[in-house]
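A.B. asks: Turn this into a structure:
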Amino acid sequence: MKSIQTKFIVLIVSGLVTMALLVGGIGIWSVSKLSLEDSEVMLNATCTEQTQRLNEQLNMVEQSVTTLYSYADRELDLERLTKDKEYMSDYTEGVRALAVDISNRTKGAIAVYFRYNPDLTGGGSDGFFWCKDRTSGEFTQQEITDLFDYPSTDVEHVGWYYIPVSAGKAIWMEPYYNDNLHVVMISYVIPFYRDDRLIAVVGMDVDFSIFVDIAQDITLYDTGKAELACLSNKMLYYRKSDDADAVVRNVEFSDKLYSELSSAESNTSLDRYVFDKREYKIAFQTLSNGMKVVVYASVSEINAQRNRLFMFTGIVMMVVLAMIIFVAVYITRRIVHPLRELNEAAERFAKGDWDISIRCYTRDEVKSLTDSITKMAEATKSYIQEINKMAYQDGLTGVKNKSCYFDYVTELVSNIKADTEYAVLIFDVNCLKWINDTYGHERGDRLIVAACKKICNVFVHSPVFRLGGDEFAVILSGKDFAMREELLRQFKESVDYCTFEEGTEVEISVALGMAVYPVDGENYESVFHRADERMYNEKKIMKHEMNGV
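C.D. replies: Purely as a prediction, here's the structure:
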C-alpha cells in the first residue's frame with residue numbers, strides 16, 4: 001500500500017500546486033482583461049447615452065428654428081415684401097409672434113431673431129430681436145444691431161449674420177459669451193433664400209449651460225466626468241456643482257487631446273490621456289453640431305477593483321498552498337476507500353442491486369476497474385429497465401399493458417384504507433370487427449390507437465391500461481376521482497362525431513362504464529365487474545342506435 005500511498009501524495013500535491021498557480025494566474029489575467037473591457041463598455045455606453053440626450057436637445061432647437069423658417073418661407077410674398085411696407089410690417093409681425101411662441105416652448109431658448117438682408121430692404125436693422133428677461137421669464141423686444149454699423153468681418157458683433165450667410169446653409173455657431181445677457185450661449189441659424197436670393201437669417205440663441213448640465217449628468221466611478229469640447233476654439237466646457245445658473249467655465253485643452261479628438265468621429269477603444277499629473281481613460285463621440293462629448297475617468301480608480309482582487313487572489317493562493325500538505329495527508333487516508341467500495345459493489349451486484357456508485361480519485365488500474373464495474377452495472381440496469389418497459393407497455397398503443405394492470409391493482413388493493421376512494425372505468429371500442437372485415441386489420445389497429453389517444457387526452461393524470469383487443473381500463477383517484485363526472489363529459493364530447501382517420505366516414509365510437517369504490521362494491525373485483533356490466537349495457541344501447549333500432 002505504500003507505493004499507492006506515495007503515488008497519491010505526489011499526485012495530489014503536484015496537482016494542487018499546479019491548480020493553484022494556474023487558476024490564480026488565469027484569474028488575474030482574466031480579471032485584468034475584464035476590468036479593461038468593463039471600463040471601456042461603461043465609458044462608451046455613458047458617452048453614447050449622453051450623446052443621444054444632447055442630440056435630442058439640439059434637434060429640439062433645430063426643429064424650432066426650422067418650424068419658424070418653414071412658416072416664414074410659406075407666408076412670404078417676395079414681390080410685395082420689397083414694395084409694400086405695410087405688408088412687410090404685417091409679415092414680420094406674424095413671424096415674430098410665432099417665433100416668441102416657439103421660443104417659449106423650447107427648453108433653454110433665451111433669444112430669437114429674424115433679420116432681413118439689408119440689400120433687400122435697404123435698412124440694416126430690419127426684422128426683430130427678442131430676448132427672455134431673466135427676472136420675469138418673458139420674451140421682450142430688444143434693440144436691433146444695425147448691420148451697416150459693422151463690417152462683415154466683425155465676428156463679435158455681426159458674425160451671427162455673416163457666418164451662416166457665408167456658409168449658405170443652416171449652422172450651429174460655436175459657444176460664446178454674450179456681454180449684454182451675461183450668459184454663454186450657442187446659436188442655431190438658418191439663412192433664408194428664395195430663388196437663390198437671400199431674404200433673411202432666422203436664428204435662436206440657447207443657454208449653453210443646459211447642454212453642459214446634460215453632459216455632466218452621469219454616474220461613473222467616483223472620478224468619472226463628462227465635458228463638452230469645441231474643436232474650433234480648442235475649449236472644454238464644464239460647470240462646478242456650486243456654480244450659479246447659466247455659469248459655464250472653459251479651459252483650453254492640449255494639442256495632444258485636440259489631435260485625439262479630431263482624429264475620428266468617435267472612439268471605440270479606451271485612450272489614455274494625462275491631465276494635471278493624473279492619467280485618464282477617455283471616450284468621445286461627435287454631436288450633431290460638431291462638438292464632442294468627452295467622458296473620462298482616472299486610470300487609478302478603474303484599476304482599483306482589479307488591484308484589490310490581485311491582493312485577495314494572492315492571499316487566497318498562499319492559504320491554498322499552505323493547506324496542500326493537510327489536504328494531501330487527509331486524502332491519502334482515503335486512498336483505500338475505492339478498493340473497499342469495489343468489494344461492496346461486487347457483492348451488491350451479485351445480489352441483483354445494480355445501483356452502484358463508486359468514488360475513485362486515482363488514475364491507475366483501480367480507476368480502470370472501477371469504471372468497468374460501474375459501466376457494467378449501468379448497462380445491466382439499463383437492460384433490465386428496457387425489459388421491464390417491454391413487459392409493462394402495450395406494443396400497439398404505448399399505454400400500460402395487462403401485466404402492468406394486474407400489478408397496479410395488486411398494489412392498489414394492498415394499500416386500501418378506510419377513507420380510500422377510486423373509480424374504475426372500462427372502455428370498449430365499437431365497430432372494430434366491422435372495420436377489420438371491411439378495411440383490414442391494419443386500419444382496425446389505427447382505430448384502436450385513435451380511440452386510445454382520445455382516452456389518454458382526457459384522462460391525462462390517471463393510468464390508462466389496454467386489457468386486450470379493443471378494451472381499455474382507467475383507474476381514477478385523487479383530483480381525477482373528484483372530477484370524474486366532468487371527465488366523462490369531456491370524453492364523450494371529444495368522441496362525438498369524430499372520425500378516426502381522414503378518407504373514411506367511420507366515427508370513433510367507444511362504450512364505457514364506470515363504478516366507484518366503495519359505493520358500487522366492497523372490493524376491487526366487484527367494482528370492476530360493475531363497471532364492466534355498465535359498459536356492456538351502454539354498448540348494447542349504442543349498437544341498437546347504430547342499427548336504427
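
A.B. asks: Look up how far Glu493 lies from Glu486.
C.D. replies: 11 Å (CB to CB, to the nearest Å). Yep, even glycine has a C-beta here, placed from its N, CA and C like the rest.

A.B. asks: nope, Tyr162 is what I meant
C.D. replies: On the measure of CB to CB, Tyr162 and Glu493 end up 86 Å apart.

A.B. asks: Neighbour count for these two, which is higher?
C.D. replies: A direct count of neighbours by other CB atoms under 10 Å for Tyr162 and Glu493 places Tyr162 higher, at 17 against 11.

A.B. asks: Give me the contacts around the helix or strand in which the more buried one is found.
C.D. replies: Secondary structure from DSSP states H and E places Tyr162 in helix 155-167. For helix 155-167, contacts defined as CB atoms under 8 Å, 6 or more residues apart in numbering pick out 113, 115, 145, 147, 149-153, 170-171, 173, 187, 189-191, 198, 201, 203.

A.B. asks: Name the residues of it that are buried.
C.D. replies: Buried positions in helix 155-167, judged by neighbour count with 16 or more other CB atoms under 10 Å: Val158, Gly159, Trp160, Tyr161, Tyr162, Ile163, Pro164, Val165.

A.B. asks: got it, and stretch 387-396?
C.D. replies: Tyr392, Asp394.

A.B. asks: circling back: can you pull the alpha-carbon coordinates of the helix holding Tyr162 into CSV?
C.D. replies: Provided in CSV are the C-alpha atoms of helix 155-167 (Å, rounded to 0.1, in the frame of the first residue of the first chain):
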residue,chain,number,x,y,z
VAL,A,155,-17.4,88.3,-35.8
GLU,A,156,-18.1,89.6,-32.3
HIS,A,157,-21.0,91.9,-33.3
VAL,A,158,-22.3,90.6,-36.7
GLY,A,159,-20.8,87.1,-37.0
TRP,A,160,-24.3,85.6,-36.2
TYR,A,161,-25.4,87.0,-39.5
TYR,A,162,-22.5,86.8,-41.9
ILE,A,163,-21.1,83.4,-40.9
PRO,A,164,-24.3,81.4,-41.8
VAL,A,165,-24.8,83.6,-44.9
SER,A,166,-21.2,82.8,-45.9
ALA,A,167,-21.8,79.1,-45.3
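
A.B. asks: Quick one: mean pLDDT for it?
C.D. replies: Confidence over helix 155-167, taken as the mean pLDDT, stands at 89.

A.B. asks: same question, stretch 199-215
C.D. replies: 93.

A.B. asks: Just give me how far it sits from the chain centre.
C.D. replies: 37 Å (CA atoms, centre = their mean, to the nearest Å).

A.B. asks: Contacts for stretch 399-413, please.
C.D. replies: Against stretch 399-413 from outside (CB under 8 Å, 6+ apart): 391-394, 422, 452, 456, 463-468, 472-473, 475, 523-524.

A.B. asks: Off-centre distance for that stretch?
C.D. replies: 49 Å.

A.B. asks: any idea of the mean pLDDT in it?
C.D. replies: 93.

A.B. asks: With just CA atoms, put that stretch into CSV.
C.D. replies: Provided in CSV are the C-alpha atoms of stretch 399-413 (Å, rounded to 0.1, in the frame of the first residue of the first chain):
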residue,chain,number,x,y,z
VAL,A,399,-50.0,2.7,-22.8
LYS,A,400,-49.7,0.3,-19.9
ASN,A,401,-50.5,-3.4,-20.7
LYS,A,402,-52.4,-6.1,-18.9
SER,A,403,-49.4,-7.2,-16.8
CYS,A,404,-48.9,-3.7,-15.5
TYR,A,405,-52.6,-3.5,-14.8
PHE,A,406,-52.5,-6.6,-12.6
ASP,A,407,-49.5,-5.2,-10.7
TYR,A,408,-51.2,-1.8,-10.3
VAL,A,409,-54.4,-3.4,-9.0
THR,A,410,-52.5,-5.6,-6.6
GLU,A,411,-50.7,-2.6,-5.1
LEU,A,412,-53.9,-0.6,-5.0
VAL,A,413,-55.8,-3.3,-3.1
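
A.B. asks: Now that stretch: buried residues?
C.D. replies: Buried, per 16+ other CB under 10 Å, within stretch 399-413: Val399, Lys400, Asn401, Cys404, Tyr405, Tyr408, Val409, Leu412.

A.B. asks: and the fifth one, which of the three is it?
C.D. replies: Yep, that's Tyr405 we're talking about. When classified by DSSP: H, G, I helix; E, B strand; the rest coil, Tyr405 comes out as helix.

A.B. asks: pLDDT below threshold where in the stretch 151-300 of the chain?
C.D. replies: Along the stretch 151-300 of the chain, the parts satisfying pLDDT under 70 run over 267-276.

A.B. asks: Tell me the helix or strand right after the helix holding Tyr162.
C.D. replies: Following helix 155-167 toward the C-terminus (DSSP H and E): strand 171-172.

A.B. asks: How far away from the center of its chain is that next one?
C.D. replies: 39 Å.

A.B. asks: got it, and stretch 76-94?
C.D. replies: Distance, stretch centre to chain centre, for stretch 76-94: 58 Å (CA atoms, centre = their mean).

A.B. asks: What distance separates the opening and closing residues of that stretch?
C.D. replies: Distance between the two ends of stretch 76-94: 11 Å, counting by CA to CA, to the nearest Å.

A.B. asks: which of the contacts of stretch 399-413 are buried?
C.D. replies: Here, 16+ other CB under 10 Å leaves 392, 394, 422, 452, 456, 463-467, 472-473, 475, 524 buried among these.

A.B. asks: Show me what the mean pLDDT comes to for stretch 119-128.
C.D. replies: 90.

A.B. asks: Stretch 483-503 too?
C.D. replies: For stretch 483-503, the per-residue pLDDT averages 84.

A.B. asks: got it, and stretch 452-471?
C.D. replies: On average, stretch 452-471 scores 93.

A.B. asks: Between its first and last residues, what's the separation in it?
C.D. replies: 10 Å.

A.B. asks: How about residues contacting it?
C.D. replies: By CB under 8 Å, 6+ apart, stretch 452-471 touches 394, 396-397, 399-402, 404-405, 408, 425-429, 432, 448, 451, 472-480, 487, 490-491, 494-495, 498, 508, 510.

A.B. asks: Recalculate using a threshold of 7 Å.
C.D. replies: 394, 397, 399-402, 404-405, 408, 427-429, 432, 448, 472-476, 479-480, 487, 490-491, 494-495, 508 (CB atoms under 7 Å, 6 or more residues apart in numbering).

A.B. asks: again with stretch 61-70
C.D. replies: Val95, Leu98, Ala99, Ile102, Thr106, Tyr188, Ile190, Phe192, Val202, Gly203, Met204, Val206.

A.B. asks: what's around the first one, how many residues?
C.D. replies: So the one you mean is Val95. Neighbours of Val95 (other CB under 10 Å): 22.

A.B. asks: roughly how far is the strand or helix carrying it from the heart of the chain?
C.D. replies: Using DSSP H and E, Val95 falls within helix 85-104. Averaging C-alpha positions (CA atoms, centre = their mean) puts helix 85-104 50 Å from its chain's average.
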